[in-house]
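1. Predicted structure and sequence below. I'll ask about it afterward.
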Amino acid sequence: MMPDTFKPTAKIAANAKKGLKLRDDFAPAGTDVGVRRAEQLAAQNDVTAEDVKSMHSYFARHEVDKDGKTHEWGSDTDPSAGYIAWLLWGGDEGKEWADRHVEKLD
């Protein structure tokens with residue numbers, strides 16, 4: 001029996017918090033949905049199976065953002081909007097976590 005909810009890891013929460021901070025410091029990156037997801041992940045609130053699927057879909061669509069040429073992916077001093085948004089959704093750890101859980105859900 002699959003759990004109804006999933007608990008984000010501390011690293012996912014840290015990535016989401018970093019995304020929110022970079023968003024405040026540099027540019028309003030990400031959507032309202034991304035910001036709400038970041039707040040949920042940062043607090044390590046449980047996420048539903050639907051949320052996990054949504055995260056999985058986000059990462060699948062936005063993997064290409066890593067190839068952007070404006071600003072720097074991974075930079076804390078000149079971050080790209082794509083990098084900030086990626087962090088809002090939990091960063092690389094969020095992607096791996098969502099991918100793992102989606103496989104079990106399908």
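-> Looks like it came in fine. Numbering: from 1, shown residues only.
2. what residue is smack in the middle of this protein?
-> With distances taken as Cα atoms, centre = their mean, residue 89 lies nearest the centre of the chain, 1.2 Å away.
3. Apart from its neighbours in sequence, what residue is nearest that residue?
-> Nearest non-adjacent residue to residue 89, counting by Cβ to Cβ, 6 or more residues apart in numbering: residue 58, 5.2 Å away. Yep, even glycine has a C-beta here, placed from its N, CA and C like the rest.
4. Same question for residue 83.
-> By the measure of Cβ to Cβ, 6+ apart, the closest residue to residue 83 outside its immediate chain neighbours is residue 73, 4.8 Å from it.
5. Now for the protein, the helix or strand with the poorest mean pLDDT.
-> Least confident helix or strand, the chain: strand 5-6 with a mean of 88, by mean pLDDT, DSSP states H and E.
6. List of residues touching that one?
-> 46-49, 51-52, 97, 101 (Cβ atoms under 8 Å, 6 or more residues apart in numbering).
7. same thing but 6 Å
-> 46-48, 52, 101 (Cβ atoms under 6 Å, 6 or more residues apart in numbering).
8. Please pick the buried ones from those residues.
-> 47, 52, 101 (16 or more other Cβ atoms under 10 Å).
9. Give the bridge partners for the first one, please.
-> Think residue 47. Residue 47 has these beta-bridge partners by DSSP bridges: residue 6.
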